[in-house]
Each structure stands twice: as structure tokens, then as C-alpha cells.
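# coords please:
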Amino acid sequence: MPAPLPSSPYSSPFFVGLDADGAGAHPASATIVGLAGADLVSGARLARAVRQAEHAGLTFVSFADALLPVVAGSPASARLDAVTRAAFVSRTTTAIGLVPQVPTTYPEPFHVAAQLASLDIAAAGRGGWIPSVTRDAVTADAYGRPAVGDVEREARDVVQVVRDLWDSWEDDAVVRDVATGRYIDRDRVHYADFVGASFSVKGPLITPRPPQGQLVVLAADGDVAPAIERSGLGQVGEAEQLVDVALVGGSDVASVRDAAAAARERSPLAGVDLEVVLDAEGRTGADRLAELDASTPRGARSPWGTGALRYVGDAAGLVALLTELATPGPDGRRPVDGVRLLPAVLDVDLPALARDVLPALRAARLVAAPRPGATLRESLGLPRPANRYDVRVPAGAPSA
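Numbers count the residues shown, from 1 in each chain. Prediction:
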């Protein structure tokens with residue numbers, strides 16, 4: 001059982017994340033900046049963008065992932081595995097959180113748990129995870145598997161077993177006892193013994209428990225079905241909290257506020273996905289967006305424009321919007337706990353964010369840059385959960 005939801009409206013800082021995937025969130029971004037193939041997946045380009053985001057003081061960066069390209073056969077759709085990209089930049093950064101998207105519908109849960117635990121180790125506790133769902137039958141065909149009907153239930157089972165596997169090693173399971181030749185204490189390594197609707201996992205994991213205990217799980221609100229009640233391990237009659245940060249959308253601040261209030265019933269934090277097209281390079285955001293929309297490849301499979309809040313305009317207006325979202329209301333609670341910015345074109349919008357938006361928010365003391373060496377949980381104000389198998393502390397209690 002996880003730690004209780006924060007009771008204080010000031011128990012967590014306002015976070016500002018950034019989707020740093022590809023050339024930008026708009027499906028025509030790569031076309032507009034002339035990137036394709038090797039240039040689009042360049043390690044040097046990726047590292048440069050993430051370092052710029054870290055220097056700007058952003059809380060985390062996320063990386064999208066999907067088996068199929070945005071546009072079939074288009075070199076502008078080139079991508080590498082999201083966990084691989086996050087691990088690549090883990091050694092070139094020191095403070096920013098690294099949050100890859102990993103689908104839950106068809107990949108093997110055991111492999112997902114091991115990959116993400118390894119990322120958190122490489123990043124010294126700055127790892128996160130966006131469990132996504134896959135609703136189209138074309139992806140099922142690519143995996144060679146029957147299409148999954150209830151993808152939200154499947155996501156719930158995958159997130160649940162991944163969390164179980166992260167706890168399958170207690171924090172002090174590695175003893176490195178030279179005198180006896182023991183590397184681990186076998187009594188502190190446990191079997192998950194998970195049986196879901198469509199798969200089962202025995203465990204334990206092949207890697208020790210991640211530095212954060214549990215990586216931060218961010219998910220689009222509704223993608224992960226609510227947890228079911230489980231008995232044992234101090235969880236009798238209680239459902240486990242599966243998502244740490246719910247990501248909501250909306251057409252305006254009022255709808256975002258309502259969605260965040262509902263999401264907080266299920267998750268400690270609620271952030272909003274915010275599409276951004278800024279005035280930049282001598283052009284208005286509206287003009288840039290019109291050009292992008294006109295250049296969108298036919299048949300694009302894209303997350304752009306599917307329910308996220310959208311801002312098109314100058315930096316001052318975006319600062320005003322973020323200030324509104326970050327300022328507590330009469331009830332003492334912010335409308336949302338943070339935002340994940342989805343820049344239309346990364347090479348254009350990120351420099352504008354770093355130059356004109358983040359400094360203004362820090363000057364107003366609405367946001368704070370993450371500290372070098374801090375874990376992502378610490379940057380978000382989330383406690384480090386105790387191991388569910390450790391009988392020395394109550395299950396779900398925050399550890400020291």
C-alpha cells in the first residue's frame with residue numbers, strides 16, 4: 001500500500017515538465033525544421049535538447065514511444081526506444097527527471113519492470129514512467145498478438161505487477177558478505193506471484209530495487225483502470241494507488257480545474273498536458289500553427305490536438321496562464337499541481353520557454369529548478385515508499 005495522499009496544498013512544488021520527443025509534438029514539426037532519419041534520432045541532438053531543458057530549470061522531460069511510425073514509411077517518423085533515449089541522457093544530466101513512455105498493452109511486463117529499474121539506477125533516482133495504452137489493431141498485428149479489448153484493465157494489471165516487481169528486492173537485499181561469499185540475502189528477495197486477467201508473473205526481478213523504491217508513475221487520466229482490492233502484505237480491503245501523477249486535459253482553465261479535482265481522488269498529484277505554440281523567430285504563434293497544420297502529412301497518427309489544453313501566443317500570455325494554474329484559490333489548493341508542456345516545434349519553442357517563460361516563473365517564486373542529485377520523487381514532493389515486503393515497517397509508510 002502506498003503513502004497516503006498529501007494533506008497539505010503546499011506539500012508539493014508546482015512542476016513544469018516538457019515532452020522532448022523527436023522534433024516536437026506537432027506531427028509536422030520534423031517537416032518544418034527539415035529533420036529526418038538519422039538527424040532526427042541523433043544522440044547529440046537529443047543530449048543538447050535535454051541539457052537545454054535542464055538548464056532552463058524544467059522538472060522533467062518525457063519521451064514518447066510507439067511501435068508504429070506516426071506516418072507509415074516517412075523518415076520524419078523515425079524514433080528510438082524511449083527507455084534507451086532516457087538512459088542515454090541519464091549520464092549527461094544531474095537534476096532533471098527522465099520519463100519515458102512505455103506501452104502496457106503488448107510488451108512483456110517483466111521486461112518493462114527491469115528496463116525501468118535499470119533506468120532509475122543509471123539516472124541515480126531520476127526515473128519516471130508514462131504507461132500508455134494501445135487501442136488500434138494494427139499494433140496488435142505488428143506484435144503478432146490478438147487485439148486486447150479492455151486496454152485500461154490491462155494497463156492496471158501491468159502497472160500493478162511492475163510495482164510488485166520493483167519491491168521484490170528489499171532495499172538491503174544486497175549484502176555483499178565476503179566472509180560467506182553471499183551477494184544477496186535470499187530471505188529479502190521475494191516472488192511477486194501475480195496473476196492477472198491475461199498474464200501471470202512469478203518474479204523476482206533480475207535487478208535490485210530502484211533508488212527511488214518506486215519510479216514515479218505519470219499517466220493520462222483514465223488510461224489505467226483503478227486498482228482492485230488485494231489482501232495480504234498489509235493491504236486487506238484496500239486498493240493500491242497505482243498512478244502518482246495523473247495528466248489531464250481540457251478546453252479551458254475551468255475544465256482543467258474540474259478534471260484535476262476528479263483526478264486527485266485517485267492520484268496524489270494532477271498535472272495538465274499543455275500544447276504550446278509561442279510567438280517566436282519574428283512570427284506569431286497563430287501563423288506558425290497555421291503553417292504546421294497545412295504541412296501535416298496525410299495519414300498522420302499523432303497525439304497532437306486530442307484533448308490537451310492549448311496555448312497559442314506570446315510568452316507573457318503563457319506566463320499569465322501558468323501563474324493562474326499555479327496560484328492557490330480560496331480553498332488553498334492550486335487548480336493543478338503542474339504542467340507538462342508539449343511544444344509544437346522543439347527547436348523553436350524550447351529556446352523561447354528557456355528565455356522568456358521559466359525565468360519569469362522562478363522570479364515570481366512559482367516554480368523551482370530541481371536540485372542536482374535530487375530524485376524525481378523529491379523534485380515532485382512525493383515520499384519514497386517503503387517496501388511492501390519489509391516486515392519492519394508498516395506497508396506503504398514513507399521511508400526515511
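
# so where's the chain uncertain?
Within the chain, the stretches with pLDDT under 70 are 1-11, 70-76, 231-239, 299-304, 393-400.

# mind listing the helices for it?
Under the criterion DSSP state H, the chain contains helices at 29-33, 43-55, 82-90, 109-122, 137-143, 151-166, 253-263, 285-294, 315-326, 346-352, 358-363, 376-380.

# now do the buried residues in the fifth one.
Of the residues in helix 137-143, 139, 140 count as buried by neighbour count, 16 or more other Cβ atoms under 10 Å. Where C-beta positions appear, they are placed from N, C-alpha and C, glycine not excepted.

# list of residues touching that helix?
When contacts are defined by Cβ atoms under 8 Å, 6 or more residues apart in numbering, helix 137-143 is touched by residues 66, 67, 68, 105, 106, 134, 146, 147, 148.

# can you put the helices of the chain in a markdown table and add distance to residue 96?
As requested, the helices of the chain are exported to a markdown table (distance: least, Cβ to Cβ, whole Å):
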| stretch | distance to residue 96 |
| --- | --- |
| helix 29-33 | 21 |
| helix 43-55 | 4 |
| helix 82-90 | 9 |
| helix 109-122 | 13 |
| helix 137-143 | 30 |
| helix 151-166 | 22 |
| helix 253-263 | 24 |
| helix 285-294 | 25 |
| helix 315-326 | 18 |
| helix 346-352 | 13 |
| helix 358-363 | 12 |
| helix 376-380 | 9 |
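
# any idea which of those helices gets closest to residue 245?
helix 376-380 (7.0 Å; Cβ to Cβ).

# now the closest one - C-alpha only, PDB.
Provided in PDB are the C-alpha atoms of helix 376-380 (Å, rounded to 0.1, in the frame of the first residue of the first chain):
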ATOM      1  CA  LEU A 376      12.400  12.900  -9.200                       C
ATOM      2  CA  ARG A 377      10.200  12.000  -6.200                       C
ATOM      3  CA  GLU A 378      12.000  14.700  -4.200                       C
ATOM      4  CA  SER A 379      11.500  17.200  -7.000                       C
ATOM      5  CA  LEU A 380       7.800  16.500  -7.100                       C
END
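
# which strands and helices sit next to it?
Counting contacts by 3 or more Cβ pairs under 8 Å, 6 or more residues apart in numbering; DSSP states H and E, helix 376-380 packs against strand 97-103, strand 216-220.

# of all the helices of the chain, which lies closest to residue 243?
Using Cβ to Cβ, the helices of the chain put helix 151-166 closest to residue 243, at 7.4 Å.

# what about the residue nearest to residue 110 when sequence neighbours are not counted, how many neighbours?
Spatial nearest neighbour of residue 110, excluding adjacent residues (Cβ to Cβ, 6 or more residues apart in numbering): residue 201 at 5.6 Å. For residue 201, the neighbour count with other Cβ atoms under 10 Å is 24.

# from memory residue 201 sits against residue 168, does it?
No: using Cβ atoms under 8 Å, residue 201 makes no contact with residue 168, being 9.8 Å away.

# any shared contact partners between the two?
Listed as contacting both residue 201 and residue 168 by Cβ under 8 Å, 6+ apart are residue 192.

# can you pull the contacts of residue 354?
Neighbour list for residue 354: 52, 53, 55, 56 [criterion: Cβ under 8 Å, 6+ apart].
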